[in-house]
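[1] have a look; sequence and predicted model below, questions after that.
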Amino acid sequence: MIKKTLLSVGCILALSSFGTYASGKWHTSKINSVYPTSQGGFVLTFKTNAPGCSQAINSANKYHYVEVNKNSMTMEGANKIYSLALMAAASGKAMSFYYDSTSDKCYINRAHVQF
């Protein structure tokens with residue numbers, strides 16, 4: 001009986017966690033700006049706004065934040081995305097990124113550049 005109860009609770013928790021990650025979306029665009037913040041993270045804006053980013057304040061160039069401990073970001077991951085963003089901007093390549101569409105900060109979780 002205890003095993004069935006624990007299994008049921010485990011299944012419910014596993015299924016409810018899918019909603020947390022279902023809010024992420026992919027978008028691809030060339031970078032408009034890159035700038036570091038005083039908290040150690042940085043903000044990216046793109047030439048084409050991500051339609052799922054719900055910022056009403058910055059409608060011209062929506063801000064996408066990269067901050068440690070936000071949307072599962074680590075310091076190493078943030079450093080790699082920063083390097084990738086600078087490289088993409090310098091070479092004129094578009095960057096694809098995965099961001100949290102439920103947050104008004106549109107926190108980026110991962111990114112890649114196609115060559």
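    Noted; the coordinates are in hand.
[2] got phi/psi on Tyr63?
    With angles defined as degrees, to the nearest 10, Tyr63 sits at phi -90, psi 140.
[3] what pairs with the residue nearest to it when sequence neighbours are not counted across the strands?
    Distances taken as CB to CB, 6 or more residues apart in numbering put Val43 closest to Tyr63, at 5.0 Å, once the chain neighbours are dropped. Quick note: C-beta positions are derived from backbone N, CA and C, even for glycine. The partner list for Val43 in beta bridges (DSSP bridges) reads Tyr35, Tyr65.
[4] residues contacting the host helix or strand of Ala88, please?
    Assigned by DSSP states H and E, Ala88 belongs to helix 75-91. With contact meaning CB atoms under 8 Å, 6 or more residues apart in numbering, helix 75-91 is reached by 30-31, 34, 36, 41-42, 44, 66-68, 93-95, 97, 108, 110-113.
[5] can you do 6 Å?
    When contacts are defined by CB atoms under 6 Å, 6 or more residues apart in numbering, helix 75-91 is touched by residues Ile31, Val34, Phe42, Leu44, Val66, Val68, Met95, Ala111, Val113.
[6] repeat that for stretch 106-115.
    Applying CB under 6 Å, 6+ apart, the contact partners of stretch 106-115 are 53, 64-66, 70-72, 81, 84, 88, 93, 95-100.
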